[in-house]
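*Asks:* Here is a sequence with its predicted model. Questions after.
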Amino acid sequence: MSESRRSSNGGSRRAAGVRRTPAGKSARSGSAKSGAAKPGAATSGSAKGSSRTARTAGGASAGSKGTSAAAKRPTSRTSVSARHAGAAPKGAAGSRGKNAAATNFLNYPRAGKENPWRWIPSLRLVVGAIALFVLAGLGFSVWLYNDTEVPEPSDFALAQTSRVYFADGETEMGQFSEVNRTELPADEVPDTVKEAVVASEDSSFYENRGVSPRGILRAAVNNLQGGARQGASTITMQYVERYYTGTETSYVGKAKEAIMALKIDQELSKDEILSRYLNTIYFGRGAYGVQEASQAYFDKDASELDEAEAALLVAVIPSPSTYDPANSPEQATQLWDRVITRQVAEGQLTPEEADALEFPETVEPTSENSLGGTNGYLLAQVRNELVSEGFTEDEINTGGFTIVSTIDPAIQENTVQAVENLPDDRPEANRVGTVTMDPSTGAIRGMYGGADYVTQAQNDATQSRMQAGSIFKTFTLIAALEDGYPLDSRWDGNSPKSFRGGWTVNNFNNVDYGRVTLEKATTNSINTAYAEANLEIGPERTQETAISLGLPEKTPGLNADASNVLGSASPTVAEMAEVYGSIASGGVHRDSYIVQTVTRPDGSSRYEHEADDTRAMDEEVAINATVALQGPPTQGSARSLQNVMGGRPVAGKTGTSEKFRSAWFVGFTPQLVTAVGMFQPSEDGTAEESLTPFGGERNITGGTFPTQVWGDIMSTSLEGEEFIDFPGRVRLENETRERSYTPPPTQAPQPTQAPEPTEEEPAEEPSEEPSEEPSEEPSEEETTEEEPSEEPSEEETTEEETPEEEEPAEEEPSEEPSAEETTEEEPTEKESPDEGPSEGPNQDTQSDPAARERD
């Protein structure tokens with residue numbers, strides 16, 4: 001017993017260090033840990049042992065089994081250590097969901113993302129795209145660099161001469177800027193010019209590698225902002241542009257230009273590049289290279305140029321023709337000052353040295369091309385037209401173009417010869433301009449602008465202006481036809497005739513024609529009849545018609561005054577040829593032109609004229625206007641053409657301005673139209689003087705030498721051509737204002753003035769202008785050549801002397817009653833507008849009837 005008690009007590013002492021679990025907790029713990037145990041095992045574990053050892057052993061065994069069971073069963077919690085170790089309990093992944101797999105290589109739209117995020121590219125995609133573009137750009141740059149070859153200097157496309165040909169494409173008319181260049185070795189190109197061009201054109205020239213990243217960035221920003229397009233060209237790139245690539249504005253072209261600049265910068269020294277650039281660049285005045293430029297501007301060698309002169313040469317480089325001091329001294333001065341300022345900024349000049357410089361004087365420019373003689377005007381006209389079509393002066397001078405003009409060599413030769421055929425006593429101040437064109441195309445076939453372009457640069461065919469005189473009546477004629485007045489409408493042809501507002505109009509020598517048809521008024525150029533017609537339709541209609549047929553709206557003197565019908569406007573000869581060409585072509589207006597084609601040296605086309613036709617009037621109106629205009633060359637002041645033209649149909653109109661300041665004839669056949677104008681400027685060129693008589697003529701009128709020149713040009717130019725008749729008159733649908741009538745029986749002549757007609761005057765009607773055939777009797781010469789017969793013929797009496805009672809009037813009678821003023825719907829003075837100019841073109845004309853239109 002004592003041993004048992006000791007054993008029991010000893011076991012209690014050994015177990016004293018063991019924490020005892022309360023019975024309730026032990027039961028719960030045991031129950032939890034033995035949830036997977038069999039019922040028998042649970043009962044055995046819960047029985048009390050006979051000794052502490054047995055209980056301890058049993059407790060240990062039970063604990064071991066509970067632990068094993070617990071290890072096999074999942075728990076609902078994760079321990080702190082397990083979480084820190086990253087061990088996720090089962091079921092956690094299922095609660096959050098797995099990442100969705102990408103459906104394509106780019107993973108776009110992004111899988112597993114909801115709108116709108118699925119449409120936003122991932123950073124990976126953006127970076128990848130940028131990298132791809134960079135690689136592609138680098139690859140393209142490498143390819144372009146390797147593919148771009150720089151030719152040897154001897155292969156450079158140097159400036160070439162452009163040649164102009166006549167319409168046959170074989171006969172050379174002249175050349176534009178045959179290259180005028182003298183090469184200077186690099187060590188002989190003056191430093192003053194080198195420094196100035198570097199300061200002005202490319203201040204980083206000696207530091208850059210042929211291109212300027214800073215310049216490229218500046219140009220890119222400017223272009224993106226919508227500014228004027230810049231190219232960021234360095235001197236090396238400009239050198240490449242002039243030698244190889246030509247003018248480039250595209251980005252690809254500029255890229256190739258930059259690559260060539262990089263290669264050339266590696267092959268040549270900076271001084272060599274700069275010297276070659278200065279030896280070949282165009283400076284204007286036909287000069288290429290600094291040596292010839294120095295001669296052209298200062299008449300000295302380049303080695304003698306000072307800082308001011310060098311700066312001026314550099315200043316004109318961007319646009320030589322525009323910035324030449326002879327053309328624009330103000331702009332030249334501004335750009336010269338800009339170059340000096342930049343030289344100061346670059347340290348090439350001190351401010352004191354710059355202030356001491358003065359703008360240099362230049363010599364007068366000489367003609368750039370072989371423009372002497374009459375062909376000079378043709379070449380100048382070709383150049384002007386090319387510039388208007390977008391060519392630059394530099395391109396024309398250096399492009400090596402083959403330019404085919406519209407000028408027919410035979411017609412041009414006939415034109416020059418026709419002017420040379422004028423009498424030898426023709427005054428030196430007398431000027432003539434002519435233009436011959438094809439009305440079916442507008443092509444100019446011949447032109448006379450003067451005898452020598454070098455001595456007189458103003459083209460008398462395209463630049464000189466002179467009062468139109470009676471050739472302007474054609475516009476009133478067409479306007480009247482368009483407004484419903486037919487060719488047989490009648491108008492008061494008596495002289496003088498006063499209109500409301502105090503405007504008095506006289507016929508040549510105050511001849512009374514009585515009531516005349518519109519056609520007859522055209523044939524005899526009757527001033528009073530046309531003045532009445534102009535007031536009837538409205539002077540603004542005459543102005544509008546002139547503009548619609550091609551006369552520029554800003555033509556000096558072109559207005560809506562009543563006197564515009566008598567030719568107060570001052571057009572050019574070329575403008576009137578173009579206008580009458582609209583009539584000859586059946587009412588279709590075509591702009592005149594002189595350049596047909598331009599071909600590059602490689603044979604490709606640079607330019608070809610394209611027709612631009614517009615209908616100016618109905619064809620029927622043009623036909624009837626042509627019918628009326630056939631009167632002057634057959635019965636009127638230009639009737640001498642009947643013999644010259646060999647009976648070929650001709651339509652046209654003579655014109656003489658007040659005080660004989662100008663004389664015209666503009667006429668056409670179905671194939672050609674030619675305008676001839678003659679005038680005499682004052683000594684200072686600011687005004688027109690009365691034409692000095694010559695060649696036995698007392699007065700120079702349109703029916704004298706202008707008609708002679710016209711006949712000489714057209715008769716020879718149309719030799720061998722088919723005789724083509726004009727269409728006959730047609731009835732216009734709008735003819736409602738006036739109707740023709742059956743003339744009454746012939747009455748006895750009742751002349752208003754006494755002079756008997758000379759044997760040179762046509763018997764059927766008075767001429768508005770003298771015949772060109774001289775009188776056989778000297779005592780009658782003046783009457784024969786200068787004054788029309790004032791005695792109406794039998795035919796005129798039939799029309800003008802009809803008794804009043806046979807033609808009852810439906811309108812108010814005229815102030816000057818005659819048999820024909822009582823015809824139906826007569827436009828009389830009372831029907832004229834209330835307002836009207838108080839005077840004609842000037843007071844001299846009213847006081848001196850003989851100074852009014854003679855044609």
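*Replies:* All right, it came through fine.

*Asks:* Any stretches of the chain with poor pLDDT?
*Replies:* 1-106, 141, 144-159, 177-178, 213-232, 242-254, 367-369, 737-855 (pLDDT under 70).

*Asks:* what ranges do the strands span in the stretch 101-250 of the chain?
*Replies:* For the stretch 101-250 of the chain, the strands defined by DSSP state E, counting those that start in this stretch cover 162-165, 172-176.

*Asks:* Now do the first one: everything it contacts.
*Replies:* Around strand 162-165, the neighbours that count as contacts under CB atoms under 8 Å, 6 or more residues apart in numbering are 171-177, 378-379, 382, 396-405. Where you see a C-beta, it was placed from the backbone N, CA and C, and this is true even at glycine.

*Asks:* Now, of the residues you listed, which are buried?
*Replies:* 173-174, 176-177, 378-379, 382, 396-405 (16 or more other CB atoms under 10 Å).

*Asks:* Now intersect the residues you listed with the helices, please.
*Replies:* Judged by DSSP state H, the subset of the buried ones among the contacts of strand 162-165 located in helices is 378-379, 382, 396-398.

*Asks:* Now do the helices for the stretch 651-800 of the chain: every range, in order, please.
*Replies:* Along the stretch 651-800 of the chain, counting by DSSP state H, counting those that start in this stretch, helices occupy 705-717, 781-786, 794-800.

*Asks:* The stretch 51-200 of the chain too?
*Replies:* Along the stretch 51-200 of the chain, counting by DSSP H, counting those that start in this stretch, helices occupy 52-72, 80-84, 92-96, 123-147, 191-201.

*Asks:* still on that earlier bit, in TSV, list the strands of the stretch 101-250 of the chain along with distance to Y206.
*Replies:* Listed next are the strands of the stretch 101-250 of the chain as TSV, based on distance: least, CB to CB, whole Å:
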stretch	distance to Y206
strand 162-165	36
strand 172-176	36
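
*Asks:* Any idea which of the ones you listed gets closest to N510?
*Replies:* Among those, strand 172-176 comes nearest to N510, with 50.3 Å by CB to CB.

*Asks:* From the contact counts, what lies against that closest one?
*Replies:* strand 162-165, helix 375-388 (3 or more CB pairs under 8 Å, 6 or more residues apart in numbering; DSSP states H and E).

*Asks:* Could you dump these into CSV with distance to A443 added?
*Replies:* Converted to CSV, the helices and strands packed on strand 172-176 look like this (distance: least, CB to CB, whole Å):
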stretch, distance to A443
strand 162-165, 14
helix 375-388, 12
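
*Asks:* Looking at these, which is nearest to W491?
*Replies:* helix 375-388 (40.8 Å).

*Asks:* which residues touch that closest one?
*Replies:* Helix 375-388 is contacted from outside by 164, 173-174, 176, 367, 369-371, 393, 396, 403, 405, 407, 412, 444, 447-450, 452-454, 457, 459, 461-462, 593-595, 598, 607, using CB under 8 Å, 6+ apart.

*Asks:* buried stuff in that helix?
*Replies:* Within helix 375-388, the residues scored as buried using 16+ other CB under 10 Å are 375-383, 385-386.

*Asks:* Restricting to C-alpha, output that helix in PDB.
*Replies:* Provided in PDB are the C-alpha atoms of helix 375-388 (Å, rounded to 0.1, in the frame of the first residue of the first chain):
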ATOM      1  CA  ASN A 375      11.800  88.700-132.000                       C
ATOM      2  CA  GLY A 376      12.700  90.200-128.600                       C
ATOM      3  CA  TYR A 377       9.000  91.100-128.100                       C
ATOM      4  CA  LEU A 378       8.000  87.500-128.800                       C
ATOM      5  CA  LEU A 379      10.500  86.100-126.400                       C
ATOM      6  CA  ALA A 380       9.500  88.500-123.700                       C
ATOM      7  CA  GLN A 381       5.900  87.600-124.200                       C
ATOM      8  CA  VAL A 382       6.800  83.900-123.900                       C
ATOM      9  CA  ARG A 383       8.600  84.500-120.700                       C
ATOM     10  CA  ASN A 384       5.700  86.600-119.200                       C
ATOM     11  CA  GLU A 385       3.200  83.800-120.000                       C
ATOM     12  CA  LEU A 386       5.400  81.100-118.500                       C
ATOM     13  CA  VAL A 387       5.700  83.200-115.300                       C
ATOM     14  CA  SER A 388       1.900  83.600-115.200                       C
END
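
*Asks:* if we can go back for a sec, please indicate which of the contacts of helix 375-388 are buried?
*Replies:* Buried subset of these (neighbour count, 16+ other CB under 10 Å): 164, 173-174, 176, 369-371, 393, 396, 403, 405, 407, 412, 444, 447-450, 453, 459, 461-462, 593-595, 598, 607.

*Asks:* Could you list which of those belong to strands?
*Replies:* 164, 173-174, 176, 403, 405, 444, 447-448, 595, 598, 607 (DSSP state E).

*Asks:* Identify the farthest-apart pair in these.
*Replies:* The largest separation in these, counting by CB to CB, is between Y448 and Y607 at 25.8 Å.
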